[in-house]
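> Got a predicted structure here, sequence first:
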Amino acid sequence: MKIGINAKYLLEPFTNYGKYTYNLLSKFDSMNLEDEFYLFVPEEPKNIKFNSRNFHLIIIPEKKSILGDDFSKFWWENFLVPVACEKLKLDIYHSLYQVGSVFKQKFPVVVTFHDTTKWKLPSYHKKFISKIILNLTKVGLKNSYKIISTSINTKLDIAALLDVSYKKIIVLPNGITKNFNPVLSITERDMIKTRYNIHRSFILYVGGFDKRKNLKKAIESFSILVNEKGFNDYDFIIAGSISINNKDSLYYEPSMLSSYASELGLKDTIKFVGAVSESDLANLYKMASVFLYPTLFEGFGMPVAESFACATPVVTSYTGSMMEISKNGAVFVDPFSSNSIADGISEILKNKNIASRLSISGFEMSRIYDWDRVATETINVYKNTIAEWKDVENLKNKKNIQIKK
């Protein structure tokens with residue numbers, strides 16, 4: 001097979017889309033496949049190399065537009081890359097995030113759909129150009145031949161919001177790399193303590209600074225935990241960074257959240273450590289007393305699955321896909337209530353039996369999130385899609401011949 005891949009998020013490897021892109025391609029790279037992979041990016045990714053001779057990096061620069069960066073990105077995704085796919089005579093094209101092609105193609109298009117945030121939350125399309133692009137993107141997704149959804153919850157949303165047939169959507173949850181495991185050496189622990197200036201037990205958040213991630217409420221809940229529930233011997237570590245492209249009203253600036261923490265008297269107990277390497281991230285999970293993820297909406301929730309693999313007790317929301325992904329491996333809270341979030345954390349900190357039960361059940365849950373399975377099943381999706389596409393095209397050609405006769 002000649003397979004085209006929209007690998008744009010190799011440029012943002014610390015985002016969830018970036019992790020998905022890199023980990024899936026890395027598995028393909030290690031599988032000794034005979035297939036040819038054409039990876040489309042707007043510029044060369046830094047510090048990312050693949051070993052397979054069957055991997056071809058195709059750099060197609062985004063063209064600046066007077067309509068703004070959103071339109072430049074849209075044009076790259078929907079015109080420049082599909083045109084390159086056609087010139088290369090590819091058998092199939094896979095976009096690794098929720099963008100298809102507005103124009104019908106001469107090859108099947110597969111799209112991985114991580115979440116329906118932009119369709120469910122109006123705040124993500126307030127701008128006029130954003131609304132236009134969102135509607136055009138909807139057309140592109142409907143044009144795709146198959147959609148890979150990372151959760152059942154997202155599959156239901158896709159079908160309802162985009163008017164897409166359930167038969168077209170395949171549920172294939174994300175995987176977790178082997179770095180995320182419960183094993184932590186004394187040397188690793190001491191190194192993390194020194195690197196991030198950690199002197200006490202801590203609660204951990206990992207992720208972006210999107211407002212839907214609910215970090216302001218998380219800080220408020222930590223204030224309740226410290227000032228009202230007596231857990232004043234804990235710190236709150238916030239790991240993650242804001243994309244340079246996302247500094248708008250949809251995101252909190254870390255400096256603003258830091259100021260808010262100071263207003264609540266938490267200046268010395270809340271630490272913003274920025275983006276961290278995967279190995280450091282895994283060790284932070286392992287060392288945390290609780291992993292907190294009070295998101296308002298999520299399509300999968302990769303940090304929760306990673307935390308499970310490290311046997312760390314989890315507090316998360318009952319919204320989006322979190323209950324599906326977590327099952328009995330987490331304490332579920334109302335993300336709109338600071339008191340509910342604080343109660344969930346407190347429940348774990350004051351009861352070692354609950355903490356131990358969650359560690360075990362979460363770790364068991366993590367076993368189903370495996371990149372080997374994701375890669376193998378994705379290749380099967382390619383094979384089945386190409387076969388179906390050829391059958392349909394042959395049937396169309398026969399009908400056309402009969403009509404001409």
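Looks like it came in fine.

> In contact with Leu33, which residues?
Counting by Cβ atoms under 8 Å, 6 or more residues apart in numbering, Leu33 makes contact with 52, 54, 379. Every C-beta, even on glycine, is put in place using the N, C-alpha and C of the backbone.

> Distance to Thr112, secondary structure and neighbour count for the residues you listed - can I get that in TSV?
Below are these laid out as TSV (distance: Cβ to Cβ, whole Å; DSSP: H, G, I helix; E, B strand; the rest coil; neighbours: other Cβ atoms under 10 Å):
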residue	distance to Thr112	secondary structure	neighbour count
Ser52	20	coil	16
Asn54	21	coil	17
Ile379	14	helix	17
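
> Show me which of these is closest to Lys217.
Of all these, Ile379 has the smallest distance to Lys217: 40.9 Å, by Cβ to Cβ.

> How about the closest one, nearest residue that isn't a chain neighbour?
For Ile379, the nearest residue in space outside its immediate sequence neighbours is Leu33; the separation is 7.2 Å by Cβ to Cβ, 6 or more residues apart in numbering.

> can you check Glu34 too?
Among residues not flanking Glu34 along the chain, Asn54 sits closest, at 7.3 Å (Cβ to Cβ, 6+ apart).

> what's the distance between that neighbour and Ala311?
When distance is defined by Cβ to Cβ, to the nearest Å, Asn54 is 37 Å away from Ala311.

> so what's the backbone phi/psi at Trp371?
Trp371 has phi and psi values of phi -70, psi -30 when expressed as degrees, to the nearest 10.

> separation between the closest residue to it other than its chain neighbours and Pro303?
Spatially, and ignoring its direct neighbours in sequence, Trp371 is nearest to Gly175 (3.2 Å; Cβ to Cβ, 6+ apart). Shown here: Gly175 relative to Pro303, a distance of 14 Å by Cβ to Cβ.

> if you count what's nearby, which of those two comes out ahead?
Between Gly175 and Pro303, counted using other Cβ atoms under 10 Å, Pro303 has the larger neighbour count: 27 against 21.

> Listing request: residues of the stretch 51-200 of the chain with sub-threshold pLDDT.
By pLDDT under 70, the low-scoring segments of the stretch 51-200 of the chain are 122-130.

> So which residues of it form helices?
Along the stretch 51-200 of the chain, the stretches classed as helices by DSSP state H, counting those that start in this stretch are 69-75, 81-87, 117-120, 128-143, 152-162, 186-195.

> Redo the ones you listed as a markdown table? Include mean neighbour count and distance to Gly362.
Listed next are these as a markdown table, based on neighbours: other Cβ atoms under 10 Å; distance: least, Cβ to Cβ, whole Å:
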| stretch | mean neighbour count | distance to Gly362 |
| --- | --- | --- |
| helix 69-75 | 17 | 36 |
| helix 81-87 | 18 | 39 |
| helix 117-120 | 18 | 25 |
| helix 128-143 | 16 | 33 |
| helix 152-162 | 19 | 19 |
| helix 186-195 | 12 | 20 |
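
> Would you tell me which of the ones you listed gets closest to Met365?
By Cβ to Cβ (comparing all of the helices of the stretch 51-200 of the chain), the closest turns out to be helix 152-162, at 15.0 Å.

> Helix 128-143 and that closest one, what's the angle between them?
110 degrees (axes from the mean of the first three to the mean of the last three Cα atoms, to 10 degrees).

> just so I have it, where are all the strands in the stretch 151-300 of the chain?
For the stretch 151-300 of the chain, the strands defined by DSSP state E, counting those that start in this stretch cover 169-171, 201-206, 234-239, 270-274, 290-293.

> Report the buried residues of the shortest one.
Counting neighbours by 16 or more other Cβ atoms under 10 Å, one finds that the buried residues in strand 169-171 are 169-170.

> Quickly run through the sheet partners of that strand, with directions.
Strand 169-171 has the following strand partners under DSSP bridges: strand 146-149 (parallel).

> Tell me the gap between the partner strand and the middle of its chain.
Taking the mean C-alpha point of strand 146-149 and that of its whole chain, the gap between them comes to 15 Å (Cα atoms, centre = their mean, to the nearest Å).

> Just the residues contacting it, thanks.
Contacts of strand 146-149 (Cβ under 8 Å, 6+ apart): 108, 110-113, 141, 155, 158, 164, 168-172, 378, 381, 385.

> does Leu39 count as helix, strand or coil?
Following DSSP: H, G, I helix; E, B strand; the rest coil, the label given to Leu39 is strand.

> Nearest residue to it in space, ignoring adjacent ones along the chain?
In space, Leu39 comes closest to Ala7 once its chain neighbours are excluded; the distance is 4.1 Å by Cβ to Cβ, 6+ apart.

> so how many other residues sit close to the one you found?
A total of 26 residues lie near Ala7 under the criterion other Cβ under 10 Å.

> for it, phi and psi?
Given degrees, to the nearest 10, the pair of backbone angles that Ala7 has is phi -110, psi 30.

> what residues are up against it?
With contacts defined as Cβ under 8 Å, 6+ apart, Ala7 is in contact with 21, 25, 39-41, 45, 96.

> Among the residues you listed, which one lies nearest to Lys229?
Sorting the contacts of Ala7 by distance to Lys229 puts Thr21 at the head of the list, at 40.6 Å, by Cβ to Cβ.

> residue contacts, the closest one?
For Thr21, the contacting residues are 7-10, 13, 96-97, taking Cβ under 8 Å, 6+ apart as the criterion.

> before we move on, what about Glu306?
With contacts defined as Cβ under 8 Å, 6+ apart, the neighbours of Glu306 are 176, 180, 206, 281-282, 285.

> now those residues as CSV including neighbour count and distance to Ile348?
Conversion of the contacts of Glu306 to CSV gives the following (neighbours: other Cβ atoms under 10 Å; distance: Cβ to Cβ, whole Å):
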residue, neighbour count, distance to Ile348
Ile176, 25, 21
Phe180, 21, 20
Val206, 22, 17
Leu281, 22, 20
Ala282, 26, 20
Tyr285, 26, 15
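
> ok so, going back, which of the contacts of Thr21 sit farthest apart?
Across these, the two members that end up farthest from each other (Cβ to Cβ) are Pro13 and Tyr97, 13.7 Å apart.

> Pretty sure the residue nearest to Ile379 sits in a helix.
No. For Leu33, which was evaluated using three-state DSSP, the result is coil, with no helix membership.
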